[in-house]
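> the sequence and its predicted three-dimensional model are supplied below.
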Amino acid sequence: MDFRVIRVGFIIIGGLLGVQLGAQPMAPPLSPWIWFGIGAVGGTLLAVLEMLMHRVGRVSVRGFSAAVFGLLFGLIMAKLVSDAISLAKLDAGTMSVIRLVVTWAFAYLGMVVALRGRDEFNIVIPYVRLSRQDRGEELFVVDTSAIIDGRITDLCKTRFLEGRLLVPRFVLRELQGIADSTDSMKRQRGRRGLDVLNELRTQGRVEVRIHEEDIPGVAEIDAKLVKLAQLMGAKIVTTDYNLNKVAELQGVAVLNVNELAQALRPVVLPGETLEVRPIKEGKEAHQAVAYLDDGTMVVVEQGRHLIGQTIQGLVTSVLQTSAGRMVFVRPNGQSRQSGGPPHR
C-alpha cells in the first residue's frame with residue numbers, strides 16, 4: 001500500500017475523530033465541519049512530522065523501540081515512587097501535583113537513558129535474538145576487505161561459512177566510495193566488491209542483511225565493526241591483519257580468510273615427489289621457478305633448461321619465510337614435454 005493512501009486515510013480519520021470530539025457535552029458549540037477541519041489539521045500535522053522525521057533519517061525502528069521501552073520503564077518507576085510518597089498522607093491537591101511532576105520527570109529520564117544506551121538492549125534488535133534462538137545460526141559481520149577479496153563467496157558455496165552475513169551500512173558506504181574513486185585501480189576493486197555482494201545475495205547459500213544502524217560516538221570503521229560485533233555476539237570476517245588483532249584484544253572472534261587459506265595449504269615434506277611446471281627463471285643462474293595450485297613458490301634446482309616442461313621433482317627442503325613458504329625441489333630425471341621444447 002502506498003504511503004500517500006495511508007496518510008490521506010489517517011487525515012480523514014482525524015477529521016472524523018474531530019467530529020466525535022465536537023459532539024461531547026463540554027465541547028464548544030461549533031459546526032461539525034469546523035470540528036472535522038480541526039481533526040484533519042491535527043492529522044495533517046502528524047503526517048508532516050512523520051515525513052520530516054523520515055527526511056532527516058535519524059529515527060529508526062531500534063531507536064523508536066528503545067524510546068518506547070524507556071517510556072514504559074519510566075511510567076512504571078513513576079507509579080512506584082508516587083505510591084511510596086502517598087504513604088506520607090499528603091492532601092489530594094499536593095499529591096496530584098507530585099504525581100504529575102514525578103510522572104513527567106521519569107518519563108523523560110526513561111526515554112533519554114534508553115535512547116543513549118539503545119545499543120545495549122538486545123530487545124531493540126529482535127531479529128537477531130529471535131533468529132539465533134529459533135535457528136541456532138551464526139552471525140558474521142563482514143568487513144570491506146573481505147568483500148573486495150571475494151573468497152568469501154567460495155566459503156559460502158562450499159558450506160565452510162554458514163549462517164547470516166551482516167553488512168553494516170557504513171561498510172557499504174565505504175565500498176561505494178571506493179567504487180566511485182577517481183583512481184582506476186580503486187574503482188575496479190570497489191566494483192568487484194559490489195559484484196561479490198550481489199553474488200552472495202543471489203546464490204542463496206547464506207542470508208545477507210544490510211544493517212542500517214550506525215554506531216554513535218565511534219568514528220573509525222574498524223572500531224565500529226568491533227563494537228557492532230560485541231553488541232550482537234557476532235564474528236568478524238576480514239582479511240585485514242590489524243583489524244584481526246584489535247578485535248582479538250577486545251574479545252571478538254575473527255575469521256581471517258588469509259589465515260584460513262594459509263592453514264588449508266597442503267603439507268609438503270622433504271623426500272616427497274612433486275609434479276611441477278617451471279614457468280620462469282629463478283634468482284640463481286641454474287634455478288627455475290614454478291608454483292603450486294595454492295600459490296606456493298617452488299624453486300627447481302638445475303631446472304632453468306626445463307622451463308615450459310612438466311617434471312617430477314624430489315623435495316629437498318622447505319623454507320618458511322615472512323613472505324610465505326618456499327619449496328626447493330631437484331628434478332629426478334623423469335620429465336615429459338608440455339607446452340613446447342625445453343629452453344637451452
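Sure, I can see it.
> low pLDDT regions in the stretch 1-150 of the chain?
For the stretch 1-150 of the chain, applying pLDDT under 70 flags the ranges 1-3, 53-63, 115-137.
> let's go with 90 and repeat that
Along the stretch 1-150 of the chain, the model assigns pLDDT under 90 to residues 1-36, 38-75, 78-79, 81-139, 149-150.
> doesn't Lys235 make contact with Glu138?
Yes: between Glu138 and Lys235 a contact is recorded at 6.8 Å, counting by C-beta atoms under 8 Å. (Glycine included, C-beta is placed from N, CA and C.)
> so Leu175 is in which element?
Using DSSP states H and E, Leu175 maps to helix 169-179.
> wait, is Ala67 part of a helix?
Yes: judged by DSSP: H, G, I helix; E, B strand; the rest coil, Ala67 forms part of a helix.
> ok, now how distant is it from Ala114?
Separation of Ala67 from Ala114 (C-beta to C-beta, to the nearest Å): 6 Å.
> those two: who's more crowded?
Ala114 (24 against 18; other C-beta atoms under 10 Å).
> I figured the more buried one hits Phe64, correct?
No: judged on C-beta under 8 Å, Ala114 makes no contact with Phe64 at a distance of 10.6 Å.
> got the end-to-end distance for stretch 298-316?
Terminal residues of stretch 298-316 lie 11 Å apart, using C-alpha to C-alpha, to the nearest Å.
> now it: average pLDDT?
For stretch 298-316, the mean per-residue pLDDT is 88.
> pull the distance from that stretch to the chain's centre.
46 Å (C-alpha atoms, centre = their mean, to the nearest Å).
> counting neighbours, which bits of that stretch end up buried?
By neighbour count, with 16 or more other C-beta atoms under 10 Å as the criterion, the buried positions of stretch 298-316 are 298-301, 303-304, 306-309, 311, 313-315.
> before we move on, what about stretch 28-41?
In stretch 28-41, counting by 16+ other C-beta under 10 Å, buried: 35-36, 38-40.
> ok, now stretch 183-195?
Neighbour-count burial for stretch 183-195 [16+ other C-beta under 10 Å]: 189-194.
> which of those residues fall in helices?
Among the buried residues of stretch 183-195, the members falling in helices (DSSP state H) are 189-194.
> and those as JSON lines, adding distance to Arg205 and pLDDT?
Converted to JSON lines, those look like this (distance: C-beta to C-beta, whole Å; pLDDT from 0 to 100):
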{"residue": "Arg189", "distance to Arg205": "24", "pLDDT": "90"}
{"residue": "Gly190", "distance to Arg205": "24", "pLDDT": "89"}
{"residue": "Arg191", "distance to Arg205": "22", "pLDDT": "91"}
{"residue": "Arg192", "distance to Arg205": "19", "pLDDT": "90"}
{"residue": "Gly193", "distance to Arg205": "18", "pLDDT": "89"}
{"residue": "Leu194", "distance to Arg205": "19", "pLDDT": "90"}
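> possible to save the residues you listed as CSV with distance to Arg201?
Converted to CSV, those look like this (distance: C-beta to C-beta, whole Å):
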residue, distance to Arg201
Arg189, 19
Gly190, 17
Arg191, 16
Arg192, 15
Gly193, 13
Leu194, 11
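> going by distance to Thr182, which of those residues wins?
The shortest approach to Thr182 among these belongs to Gly190, at 11.5 Å (C-beta to C-beta).
> show me the contacts for that closest one.
Counting by C-beta atoms under 8 Å, 6 or more residues apart in numbering, Gly190 touches 148, 175-181.
> what's the span of stretch 295-312 from first residue to last?
18 Å.
> sorry, slip of the keys, the one I care about is stretch 200-208.
Stretch 200-208 has an end-to-end distance of 7 Å (C-alpha to C-alpha).
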